[in-house]
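Chemist: let's see this in three dimensions:
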Amino acid sequence: MKLGTSLLTLAAGLSSVLAGSVGEVHYPTLFRRNGTEDLQSFKGAVLLKNGEQTSCEVALMYSTFGFVSAACLDYTDASAKTINTTTNYEVAISSGLTSTYGRFRASKVTPNPGYDPVSYANNIALVEFESNGSEFVNYIASWRQDWVEFYYTRRSLSNAASSTWNSPATTMYNAQPDLNACAQANTLFMYNQKDLICNELSTPSIMNASCSIPYASIYGVNDPNAAVAALYSHSAVENDGSLCGNEKVYNYFIVMQNYVHWAMSIMGKKAPVFHTRIPEYTEVLDPGYSMVIPKSSVEGVAVYAGDLYHLDSNPAEAAEEDGGLSPGAIAGIILGLLALLALLGFFIYKKLRERYESNRVRRWWFFGRFEKEEKPEEVGPPMADPNDPQRPSTYPVQF
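Modeler: I've put the predicted structure just below:
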């Protein structure tokens, strides 16, 4: 069900401004609000690339750091996670429903070292950006067992150049998804259900109202507290379908709690996290945490990730998630190899033919132009006629 703006505070950013007079950082409790007047201090963000907005939200932590999907970044070598430094990244930050906090140049983007661009495992990156000198803190929900409700949001700019905002699309959805169906559509989810959230929710794209795309972020709520918990990772579409078609679509969101210590190792300071303080609370302390990367994929499923506003540059056929290929790609490679073999065979035949002709010429020179020339018969001196009266009686002796 869709929420009205009166409940938008439940998922609109949930950040708190640092109020310490001597630079001291405070982490006050984040309360769910019931009136839009409280949204003026709440912040959300989207990633811009070369001045254009993307569908990728940034989960803010500090006024200079935030999480973003690694698939939203541009690479010169995705497998090596080599960032394309020619892309200009910016972070546009909202304040409240449609107010603008600022637009800031990103100074550094760092994909998680475990990011797999084929399966979208560990699809998370840290973005560091400039600030206007004002500091704030956003909390990351760090314990899944806390969350009794989920709020979904998608933020967007009405004009990227002027940094003006649309009202965020929001919804509340607490129904248990069909985990078996989610796993059958995507092997990454099959092996990493504690790291991902699956659902079939969508909202119209600002680029094409007839195309519905997933929400961008999820907030975990433990009344009266809430904090951002997950970011959109990827979608699986049955029957190799289009994300904007009529096929069944499963959307997967990466839970950020297991990547907090990795972010801390880069930021050089503690990440702001929220959880209830009970003895059962545990956290992943290893900054090198990684999902299980599957070695197979689901045949007949198309996978999408990254910037959904520019689908032409971003759909990925559900190839083998260990770097293998889909049946269509394999068939194409086989046909290409057969064509290459045919070309190679023709080249070999041509060379053999040329060699054969060359050998014929050599035989012509060696063996008398294919047929041996016969020497003319030598004719000796005529025999003497015994009846010739002038025949000499003797002949000189020849030595």
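
Chemist: from residue 337, how far out is residue 343?
Modeler: 11 Å (CB to CB, to the nearest Å). In this view, the C-beta of every residue, glycine as well, is placed from N, C-alpha and C.

Chemist: which parts of the helix or strand harbouring residue 231 are buried?
Modeler: Assigned by DSSP states H and E, residue 231 belongs to strand 225-238. Under the neighbour-count criterion of 16 or more other CB atoms under 10 Å, strand 225-238 has 225-238 buried.

Chemist: now do stretch 131-149
Modeler: 131, 136, 137, 138, 139, 140, 141, 142, 143, 144, 146, 147.

Chemist: then stretch 342-350?
Modeler: Buried-residue list, stretch 342-350, by 16+ other CB under 10 Å: empty.

Chemist: what of stretch 52-68?
Modeler: 53-68.

Chemist: nearest to residue 85, of these?
Modeler: residue 68 (16.7 Å; CB to CB).

Chemist: and the strands in the stretch 1-150 of the chain?
Modeler: Under the criterion DSSP state E, counting those that start in this stretch, the stretch 1-150 of the chain contains strands at 15-17, 43-49, 52-57, 59-62, 65-68, 75-77, 82-83, 89-95, 99-111, 125-129, 136-138, 140-141, 149-154.

Chemist: strand partners (parallel or antiparallel) of the fifth one?
Modeler: Right, the one you point to is strand 65-68. strand 59-62 (antiparallel), strand 125-129 (antiparallel) (DSSP bridges).

Chemist: can you lay out the ones you listed as JSON lines showing mean pLDDT and distance to residue 215?
Modeler: Listed next are the strands paired with strand 65-68 as JSON lines, based on pLDDT from 0 to 100; distance: least, CB to CB, whole Å:
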{"stretch": "strand 59-62", "mean pLDDT": "94", "distance to residue 215": "13"}
{"stretch": "strand 125-129", "mean pLDDT": "98", "distance to residue 215": "19"}
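
Chemist: can you map out the helices along this structure?
Modeler: Counting by DSSP state H, the chain has helices at residues 179-185, 187-191, 260-267, 327-366.

Chemist: which one of those lies nearest to residue 49?
Modeler: helix 260-267 (20.9 Å).

Chemist: ok, now which ones touch the closest residue to residue 57 other than its chain neighbours?
Modeler: Among residues not flanking residue 57 along the chain, residue 216 sits closest, at 3.9 Å (CB to CB, 6 or more residues apart in numbering). Residues near residue 216 by CB atoms under 8 Å, 6 or more residues apart in numbering: 46, 55, 56, 57, 153, 154, 155, 231, 232.

Chemist: of the residues you listed, closest to residue 291?
Modeler: residue 231 (14.3 Å).

Chemist: per-residue confidence for the closest one?
Modeler: Looking at residue 231, its pLDDT is 97.
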